[in-house]
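> Output the structure for:
(2 chains)
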Amino acid sequence: MSELNFDLDKAVQQWCELVLSNDCIKSQNIDELKDHLFCQVEHFQQSGKDEKQSFKLAIEKMGEIDMLSGEYEKNRNFLQKLCAFEYGSVADHANETMSIKTAIVQQSILWAAAIIGTSLIIDDKQQAMTVVFIVLIPLSVANIISLKSGSFAKECRFIKSKISKWFR
Amino acid sequence: MKYSKDFVAASTTPLVLAILKQGKSYGYAIIQQVKDLSNGDMEWADGMLYPILHRLQKKEFIEAVWGVSETGRKRKYYLLSTLGEKELLQQCDNWQQLNDMLNQLMGESNE
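Below you'll find the model as predicted:
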C-alpha cells in the first residue's frame, strides 16, 4: 500500500478483524479498542507523522494481539472458558448469531439423546465399552470440529498449549 | 524512575478510581492522565487498561456508558459508582498507612 492511497478506516477495520479472529476478545469490546486506536493515531498525527506511520506506531503501541487477548482472557469465568474451548468464535459472536444458552441447550439435548440411544443399543452387550468408545468419542470429536467450523488447527494448538502447561 | 510490574499492577485500581472521581473519562484519556501525572514515568501498556476497567465494572466500582467523541466516534465512558467511591477511600487509607509505616521505619534507621 503506497502512502497516497493508504486508507486509515480500512486499515483499522482489518486490524479489528484480526483481533476478533482471536477468540478472547468479544465483538462488543472491539469498538472501545477501535476508539483507542484512532485516538492514538490522532496523537501521532498531531506530532507531525503521516497517517500510515501513525497507524503503524499506534498498533505497535497497542501490543501484540496475543498479549492483548491474554489480558482479556483473565476476565473470563470458568463457563466462558469452557464455551470458548467448545465453540470458539461462535461463542464470541453469540450476540449476533445465536445465544450461548441456546447452543448449550441444543448441545445438551443432542448429547443426552446420543447417550440414551447408545445405552439402549448396547444394553447387556458384552462389548459395551468398545461400542461406547467407537460411537461416543468420534461423535464428540466431530461435534467439536463442526462447531469450530474450520478452526480445528487452532483447537489442536490450544490443547497442545494446555497439555504442555500441565506437564511443565 | 522505573516502577516494577507488581507495583504498577497494585496501583492501577486506586489511580483509575481517583481519576474517575474527578468526572467521567475513557480509556485513552485515563492512560494519558496517568502518564502526565507521573511526568511520563508511569506508562501503562495500551491493552492492559481495558480488561482492568471491565473487572472494576464487574465489581460495580465503576459504570460504563456509551457516548460519542468530539469527532463523532462511538466512545465508552466510565463513571465512579458509590461503591467505587467507598473503595477509593479504603484504598487511599491503605496506601496512606503503608506510607506512614515506611516513613517510620526509614526515620528510625536514619537516627
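
> if I look at B:Gln96, how far off is B:Ile19?
B:Gln96 is 18 Å from B:Ile19, where distance means C-beta to C-beta, to the nearest Å. All C-beta atoms are positioned from the backbone trio N, CA, C, and that covers glycine.

> Those two: which has the busier surroundings?
B:Ile19 (18 against 10; other C-beta atoms under 10 Å in any protein chain shown).

> What is the neighbour count of the residue nearest to B:Leu56 when sequence neighbours are not counted?
Nearest residue to B:Leu56, sequence neighbours excluded (C-beta to C-beta, 6 or more residues apart in numbering or on different chains): B:Ile62, at 4.8 Å. By other C-beta under 10 Å, 23 other residues sit near B:Ile62.

> Could you tell me what pLDDT the model assigned to B:Ile62?
Note for B:Ile62: predicted pLDDT of 96.

> pretty sure it is touching B:Ser81, no?
Yes. B:Ile62 lies in contact with B:Ser81 (C-beta atoms under 8 Å); the separation is 6.1 Å.

> can stretch A:11-26 be found next to chain B?
No. Applying C-beta under 8 Å from any C-beta of the partner chain, one finds stretch A:11-26 separated from chain B by no less than 9.3 Å.

> for the residue nearest to B:Leu56, what are its contacts?
B:Val16, B:Leu17, B:Leu20, B:Leu53, B:Leu56, B:Tyr78, B:Leu79, B:Leu80, B:Ser81, B:Gly84 (C-beta atoms under 8 Å, 6 or more residues apart in numbering or on different chains).

> One more: A:Leu18?
A:Ile65.

> how close does it get to B:His54?
Counting by C-beta to C-beta - A:Leu18 and B:His54 are separated by 21 Å.

> again with A:His43
Shown here: A:His43 relative to B:His54, a distance of 23 Å by C-beta to C-beta.

> The residue nearest to B:Ser81 when sequence neighbours are not counted sits in which helix or strand?
Excluding the flanking residues, the one nearest B:Ser81 by C-beta to C-beta, 6+ apart is B:Glu63, at 5.4 Å. For B:Glu63, the host element (DSSP states H and E) is strand B:62-68.

> list the helices and strands whatever helix or strand comes next after that strand packs on?
Per DSSP H and E, the first helix or strand lying C-terminal to strand B:62-68 is strand B:74-80. With contacts defined as 3 or more C-beta pairs under 8 Å, 6 or more residues apart in numbering or on different chains; DSSP states H and E, the packing partners of strand B:74-80 are helix A:27-46, helix B:5-21, strand B:62-68.

> can you put the ones you listed in a markdown table and add distance to A:Ala11?
As requested, those are arranged in a markdown table below (distance: least, C-beta to C-beta, whole Å):
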| stretch | distance to A:Ala11 |
| --- | --- |
| helix A:27-46 | 9 |
| helix B:5-21 | 30 |
| strand B:62-68 | 22 |
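
> which of the ones you listed sits most buried?
Mean neighbours per residue, mean count of other C-beta atoms under 10 Å in any protein chain shown, is largest over these for helix A:27-46, with a mean of 18.
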